[in-house]
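Asks: what shape does this take:
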Amino acid sequence: MRINPPDTYWKKDVALFFGKRFSLLLKMLYPVAIIVPVAASGIPAQYAAAVIGIVAVMAGTFGAGESLTIDLNDGILVRVALTPLSPRRIVFEVLAVNAVLDFVQLLPALVIVYILHPVSLVWVLAATFAVFTTLVTANAIGIFIANFTSSPADVLLYATAILFPLIYLSGFFRNRHPEGLLALLRNFVPFAYMNDALKVVFGLTVETAPAAVFIYPTLICAVLVLAVCLTGPRLLSPRL
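Replies: Here you go, the predicted model:
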């Protein structure tokens with residue numbers, strides 16, 4: 001597959017993703033290798049949904065955070081800042097493109113999950129949309145982390161500190177029926193809606209309606225995307 005040399009920053013990620021066939025094959029196969037055996041096994045539905053959720057969360061956060069940190073160290077971001085484009089637009093393009101690429105990477109595994117666990121179309125659409133909003137959120141977190149570290153190794157530390165509380169609040173590995181403050185905080189984490197939708201795919205019943213999976217994560221992601229885009233001038237500024 002021929003990829004023209006990138007003339008904008010976001011095209012670099014597209015070129016790297018599709019540029020080498022063997023690398024592309026590995027990128028597409030690794031989510032399948034992790035998710036499909038879990039979906040085909042007799043693992044409890046709650047944990048099967050959690051595995052898919054964690055793959056999505058980790059892929060989005062580490063992919064965005066580490067690639068931006070590497071480009072920062074290589075001086076690429078400083079050169080990008082010299083272009084006429086707004087830093088906020090550059091960050092938005094990076095966020096949007098990386099979320100789409102991550103979604104393309106996970107989609108084959110999701111399709112196989114839906115084949116193994118047939119469910120109504122509305123929940124298939126809700127789960128797919130929820131995975132995408134999770135990828136948007138994860139990429140936003142990764143970009144946010146890149147504002148505060150110049151080492152790819154530090155991305156792991158920052159991401160762990162941020163993601164673990166969010167994963168806990170989302171209910172991946174704890175009581176499925178939180179109450180009080182935990183229930184309130186859970187409503188503001190897009191991961192939680194993905195977790196609920198995937199639980200339905202694997203045969204559980206949840207209180208969350210399909211409409212809520214579309215509406216609330218969209219609103220939350222819009223706020224997160226706006227907030228991260230505002231960090232564009234800092235992200236593209238030279239570091240000492």
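
Asks: for stretch 93-107, which positions count as buried?
Replies: E93, V94, L95, V97, N98, A99, V100, L101, D102, F103, Q105, L106 (16 or more other C-beta atoms under 10 Å). Just so you know, the C-beta spots here come from the backbone N, C-alpha and C atoms, and that holds for glycine as well.

Asks: so, low pLDDT: which residues of the protein?
Replies: 1-7, 174-177, 239-240 (pLDDT under 70).

Asks: secondary structure element for the residue nearest to K199 when sequence neighbours are not counted?
Replies: Counting by C-beta to C-beta, 6 or more residues apart in numbering, K199 lies nearest to A49, which is 4.8 Å off, once chain neighbours are set aside. Applying DSSP states H and E as the criterion places A49 in helix 45-73.

Asks: now do that helix: which elements does it pack against?
Replies: Where contact means 3 or more C-beta pairs under 8 Å, 6 or more residues apart in numbering; DSSP states H and E, helix 45-73 is packed against helix 21-40, helix 76-80, helix 87-116, helix 121-146, helix 152-170, helix 190-201.

Asks: as TSV, those with distance to G53 would be great.
Replies: Listed next are the helices and strands packed on helix 45-73 as TSV, based on distance: least, C-beta to C-beta, whole Å:
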stretch	distance to G53
helix 21-40	10
helix 76-80	30
helix 87-116	11
helix 121-146	7
helix 152-170	7
helix 190-201	5
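
Asks: what's the closest of those helices to L68?
Replies: Nearest to L68, of all those, is helix 121-146, at 3.9 Å by C-beta to C-beta.

Asks: chain center to that closest one, what's the gap?
Replies: Centre-to-centre, helix 121-146 and its host chain are 5 Å apart (C-alpha atoms, centre = their mean, to the nearest Å).

Asks: equivalent analysis for stretch 22-35, please.
Replies: Using C-alpha atoms, centre = their mean, the offset of stretch 22-35 from its chain centre is 16 Å.

Asks: do stretch 196-214 as well
Replies: 19 Å.

Asks: got it, and stretch 49-63?
Replies: The answer for stretch 49-63 is 6 Å, by C-alpha atoms, centre = their mean.

Asks: residues of that stretch that come out buried?
Replies: 49-57, 59-63.

Asks: dump those residues into TSV; add distance to V223 as well.
Replies: TSV is the format used below for the buried residues of stretch 49-63 (distance: C-beta to C-beta, whole Å):
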residue	distance to V223
A49	25
A50	25
V51	28
I52	25
G53	21
I54	23
V55	25
A56	20
V57	18
A59	22
G60	17
T61	18
F62	23
G63	22
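
Asks: can you tell me which of those residues is nearest W10?
Replies: When the buried residues of stretch 49-63 are ranked by distance to W10 (C-beta to C-beta), G63 comes first, at 13.6 Å.
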